[in-house]
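**Q** Predicted structure and sequence below. I'll ask about it afterward.
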Amino acid sequence: MSLCSLTVHELVTLLQRREVSPLEIATSCLQRIEAVDARVRAFLTVTAEQALEHARAIEGGRGLAGIPAAVKDNLCTRGVRTTCASRILENFVPPYDATVVARLVQAQVVSLGKLNMDEFAMGSSTENSAFFPTRNPWDLERVPGGSSGGSAAAVAADEVIFALGSDTGGSIRQPAAFCGVVGMKPTYGRVSRFGLVAFASSLDQVGCLTKDVTDCAMVLQVISGFDPMDSTSARMEVPDYTAALTGEVKGMKIGVPREYFGEGVDGAVKEVLQRALQQFEALGAVVEETSLPHTEYALPAYYILAPAEASSNLARFDGVRYGLRDETADNLLDMYGSTRARGFGPEVKRRIMLGTYALSSGYYDAYYLKAMRVRRLVKEDFDRAFARYDVLVTPTAPTVAFRLNEKVDDVLAMYMSDIATIPVNLAGIPAVSIPCGFVQGLPVGMQVMGRPFGEADLLRAAYAFEQHTGIRALKPGLEVA
Amino acid sequence: MERGGYEAVIGLEVHVELKTASKIFCACPNQFGGEPNTHICPVCTGMPGVLPVVNQRVVEYAIRTGLALNCQIAPFSKFDRKNYFYPDLPKAYQISQYDLPICRGGYLDIEVEGERRRIGITRVHMEEDAGKLVHLGTIATTPYSLVDLNRSGVPLLEIVSEPDLRTPAEARAYVERLRAVLLFLGVSDCKMQEGSLRCDANVSVRPRGSQALGTKTEIKNMNSFKALERALAYEIERQLDLLEDGGCVVQETRTWDEGKQVTLSMRSKEEAHDYRYFPDPDLVPIVIDDEWVERVRATMPELPDAARQRLQSCYGLSAYDAGVLTATKDSLDFFDACVALGGEAKAVANWMMGDFSRLLNQRGEEIAESKVTPAALVRMLEMVREGTISGKLAKAVFEEMYASGRGPDEIVREQGLVQISDEEALAPLIAAIVADNPKVAEDYRNGKDKALGFFVGQVMKATRGQANPQVVNAILQRMLRGTQ
C-alpha cells in the first residue's frame, strides 16, 4: 500500500517513528496525482515543485507537519492563483493567505495545490466549474457532488491526505457523501472566513474533508479558533477534539427528524440509514424519531438569502482593480456589463439576478425579510430538538452520486440535492457527513448534526459509528492502468 | 404670487471624516493626501475574501458626537450595505447604517442675528468613505480615469438635521455651529476645502403657516460656507420662480455649479439608484451598554456653549467676545493657554480679536498654523504693562513676532525698541524742541491745548516712537507751565 492511501494519523505515527519522510509522502501523493488526476480532474493547480521543496525542509511528526493537503480554490493562497473556478478570476493571484491557509502553513502542512469546485461555490456537482467538471472516483461517469467536488474527489482518490472546502448549503457534506469521505461543516464562527472568497457571508463556513473521523478531529483542531480579522468568528476556546474519540455512545440521545426521510429520498438510501441507526442503538445510544416542522421552508428561504448576499458579494468583480476586464468596451457601463457577462457562468448569473431582485425596493419585505423570518423558525426548530437530543441523524443527500449532465438542465432537481444540508447552514449549527454504507457500489453519507459549538458531540458519535463498521476499509477502484 | 408669503424649508446632511489614526475597517493609516494608492491594503481595496473589522475608536467618536448633539445612543445598531457600482467604490457597496443608526433624536442650538433657534438632529450614523477618481481634464472628455483608493475606508459620520432651517443664513449658522462642536470634540478637522466636511441640502418652499412640505430638491457639491449660502439662496429663488410661473418643483438631485453660480439638474427621482440596502453579514451588531456611554461621557471635552459661559463669568468678557474666542477650539485653546501663563484675560482677548485676527485673515492662516505662541503674546503684554514698550510699539513688535516667530524680548533688543521712560534722558531733548518752537509754546500757554499734541508728536518722531508718552506728557506740561 502506498503512502498516499494512508490517513493523517497513520502517517503521523510513521513520521514520528522516522519510518518515512515528508518528502516520501509528498512524492507519493504527487505520483498519485500524476497517475489518476487526468481522469478524476480534482485539481485546478498543482504546485508540485513548491511542495517538494517544502517537504524537503520539514522534519514532520509534530501535529500535521509534513502531511500533504490541498485546498478548495476559493481559499486565498499567497502567490498561488485562486480562481474560484471562474473566468473572472482566472489569473488572480492573491497577495495574502486565507487565515485557514495560514494556519496550515504554520502547522507545516505541505500544500499540493488548489482544488476544483462549482464556480464561486454555486452548485452541487462541480459541473459549474468554468474549466472542467471533476469526476467521482467511485464511478467516473458520475459527479463528485459539489461545490467542494474537487476536495472530496481528491481525498477519495488518495491524491491528498486531506483537503479543505467551504460549505454554504452543503458544499462540504454532500460531496463528502458522494465520494465516501468524512466532511465536517463546523459551527458558523468556529473557523475564520478571512480569505474565503465569499458566496453568502452569513452561511459560508470553512471545513475539512478527510479519510476518517480521527483525521477530521485533527484537522478541525488546527483550523478552528478566533481570528481578529473575522468579526463573525467566535471568541471561544477550542476543545481538544481528539478527546471526543472515545468510541463510546452509550446513553447518547439521537433524534431522527422524520422530515428528512420523506418524499424524494431514495428508498435504498433510507434503508442504509435505518441500518446505521440500528447500529447506534446496538452501541447503546437512545434513538428516537422527532420532528423539525419548518424543514420544507428551508430550501426556498435559502434560495432567497444566499443569492441576495451573493449579488452583493460578487459585485466587486467589476473589472476595475483585478481579474478579467473587457478591454474592448467603449465606456464604463459597457465595461462593467461585458466583463461580467464574459466572466460569470450561467448559474452565477442566475443567482446574482435572483438576489438582486429579492433585495430590490418594493420586494425586500416580501422576499428577504420573509426569508429571514423563516430562517429564525428553522433555527428555533433545532433549538427545541437539541433541548432533547445530543445529535440529530439524517441522510446527507437524498440520493447517491448522480450521473454527469443528469441534472444540468434541471436547476430545481439540482437544488434539491442539498435539501438535507441547507437547514444546517441557516441555523449556523455544525454537521458532519460520514460514510455509512453503499447503494449499487456508491457511497451513502450519514449526516450528524449538533448543537452550536458541539463539534465534539458529532465527532464522538461519528467515531463510535466508524469504529464499528468496516466502511473505511473500502476504496474506490481507480486501478492505475 | 406674494413671495413674502412663502418660506423655505431646509434640512442638511453633513458628512465629516473622522480623524482616527486608522481607517474604519482596516489598519491602514487615515491620512489626507499621500501618493495615490499608498494607504491601502486588501481590505480597503475590496480584494476577494477579505473582511471588515470595525475600528472601535470610530464607534467611540460617534457616541461622543451623539452625546454632544443631545442624541439618544442606540443600545443596538448595525451596519448595512448600500449597493451601487462606481469605480471609486471597490466592493461595489458602501458599508453604512440604514434603519438602525447609532444616534437618533438630538438637537443643536444656533444663533442668527441675536435670535436663538433649536435645530433638530434626526440621526447620526457611521459609514466608510469611497476613493477618488482622477481625470485628465473633465470627466466628460477624459480618455481614461485613474482610481486613488487612499480615501477608501476613511471613517465618516453622516449627521442629518430635521427640516428645521428656514433661511440660507440659518443653514450656514447651523453648519458653522456643528463644525465648532466637532472641532471641540476633536473628532474631525472639518476642513471643507479638503473635503473632510461635506454638506448636502434638501430644500423646498411652502406658504408660510403651512404644515405640509413642498416638493424638495437635493443640492450637492457645496464646498464652502459661501457656496452653501449662495446655492440655497439660488435654489429657493428658482423654486419660487417656478411656482410664480404656475409650474411646480420636480423632485430631483441638483448640483451647485460654482463657476456659473447656479444649481443644475443631476438626476431625477426616476433615475435615483435602488441601493438594495441589507444588513452586512460580515459585521456583528454594535451593542453599546450604559457603561460604555458613561465612560465616553466622562471624557467629553468642554463644548463651545459651556466655554462661552465660562469666559463671560470667569473673565468678565462680553458675550460677543466670548463668542468669537470660542468659535474654534484652537482659538479657545490659545486663549486658555495665555491666561494660564498669567496673561490678563481682557488684554489677551483684545489682542487675539484685534491685531492677531487681522494678520491671520490677511494671510488666510489658521491660529494653529501661526508662529505666535501663547507664551510670546503673554510676554509681550507683560512688557507693555511694565512700560518696557508702548502700546504703539507693541503693534510693531507683534507684527514681527507673527512674521518671524521670534520672541518679543529678542525683537525689542535687536531693534532697539525699548521704551524711553528715563526723565533725565528725555528732558534735554524735550527742552530743545520747546526752545526751537517758541510760537507753539506761546499758543499752549494761551490755552491752545492742541499745541501739546504737536510737541508730543515731535518728541516721538525724534525718538522713533520709543519715548514713553506718559513721561513725555508730564515733562512737557511741567516745562511749558514752568517757563510761564
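**A** Great, that's in hand.

**Q** domain assignment for chain B?
**A** Domain segmentation of chain B under automatic domain parsing yields B:3-293, B:302-415, B:423-482.

**Q** Ok, which of the ones you listed comes nearest chain A?
**A** domain B:3-293 (3.4 Å; Cβ to the nearest Cβ). The C-beta positions use only the backbone N, C-alpha and C, and glycine is treated the same way.

**Q** Backbone dihedrals for residue B:16, please?
**A** phi -120, psi 140 (degrees, to the nearest 10).

**Q** Which residues are in contact with the closest residue in space to it that isn't next to it in sequence?
**A** Once flanking residues are discounted, residue B:16 sits nearest to residue B:188: 4.3 Å by Cβ to Cβ, 6 or more residues apart in numbering or on different chains. Contact partners of residue B:188, counting by Cβ atoms under 8 Å, 6 or more residues apart in numbering or on different chains, are B:16-19, B:157, B:182, B:196-197.

**Q** Residue B:361: which of those is nearest?
**A** Distance to residue B:361 across the contacts of residue B:188 (Cβ to Cβ) is lowest for residue B:197, with 20.3 Å.

**Q** What segments of the stretch 351-481 of chain A are helices?
**A** A:370-388, A:411-416, A:422-427, A:455-467 (DSSP state H, counting those that start in this stretch).

**Q** returning to that earlier point: rebuild the domains of chain B as JSON lines, extending it with distance to residue A:241 and mean pLDDT.
**A** Listed next are the domains of chain B as JSON lines, based on distance: least, Cβ to Cβ, whole Å; pLDDT from 0 to 100:
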{"stretch": "domain B:3-293", "distance to residue A:241": "25", "mean pLDDT": "95"}
{"stretch": "domain B:302-415", "distance to residue A:241": "55", "mean pLDDT": "90"}
{"stretch": "domain B:423-482", "distance to residue A:241": "90", "mean pLDDT": "84"}
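
**Q** shouldn't residue B:437 be in contact with residue B:455?
**A** Yes: taking contacts as Cβ atoms under 8 Å, residue B:437 lies within contact range of residue B:455: 7.4 Å.

**Q** Those two: who's more crowded?
**A** residue B:455 (23 against 16; other Cβ atoms under 10 Å in any protein chain shown).

**Q** Mind telling me what element the more buried one is part of?
**A** Using DSSP states H and E, residue B:455 sits within helix B:450-462.

**Q** On the C-terminal side of that helix, identify the next helix or strand.
**A** Next element after helix B:450-462 (DSSP H and E): helix B:469-482.

**Q** Give me the neighbour count for residue 286.
**A** Using chain A here. If you count neighbours by other Cβ under 10 Å, residue A:286 ends up with 15.

**Q** oops, chain B please
**A** 20.

**Q** could you point out where chain A is predicted with low confidence?
**A** A:1, A:473, A:479-481 (pLDDT under 70).

**Q** switch the cut-off to 80
**A** A:1, A:470-474, A:479-481 (pLDDT under 80).

**Q** can you give me the strands for it?
**A** Secondary structure of chain A (DSSP state E): strands at A:43-46, A:68-72, A:110-115, A:162-167, A:182-185, A:205-210, A:253-257, A:286-290, A:391-395, A:431-439, A:442-450.

**Q** Can you lay out these as CSV showing distance to residue A:416?
**A** Listed next are the strands of chain A as CSV, based on distance: least, Cβ to Cβ, whole Å:
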stretch, distance to residue A:416
strand A:43-46, 27
strand A:68-72, 23
strand A:110-115, 25
strand A:162-167, 17
strand A:182-185, 19
strand A:205-210, 22
strand A:253-257, 17
strand A:286-290, 23
strand A:391-395, 13
strand A:431-439, 17
strand A:442-450, 15
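
**Q** Of those strands, flag the one that's most buried.
**A** Compared across the strands of chain A, strand A:182-185 shows the largest average neighbour count, a mean of 34 (mean count of other Cβ atoms under 10 Å in any protein chain shown).

**Q** Note down every partner strand of that strand and its orientation.
**A** Strand A:182-185 pairs in its sheet with strand A:205-210 (antiparallel), strand A:431-439 (antiparallel), by DSSP bridges.

**Q** can you list the residues of the stretch 251-400 of chain A near chain B?
**A** Residues of the stretch 251-400 of chain A lying near chain B by Cβ under 8 Å from any Cβ of the partner chain: A:308-309, A:311-312, A:315-318, A:320-322, A:332, A:336, A:356, A:359-361, A:364, A:368.

**Q** Now list the buried members of those residues.
**A** Taking 16 or more other Cβ atoms under 10 Å in any protein chain shown as the criterion, what is buried in these is A:308-309, A:311-312, A:315-318, A:320, A:322, A:336, A:356, A:359, A:364, A:368.

**Q** Which members of the residues you listed are the farthest-apart pair?
**A** It's A:322 and A:364 that sit farthest apart of these, by Cβ to Cβ, at 30.7 Å.
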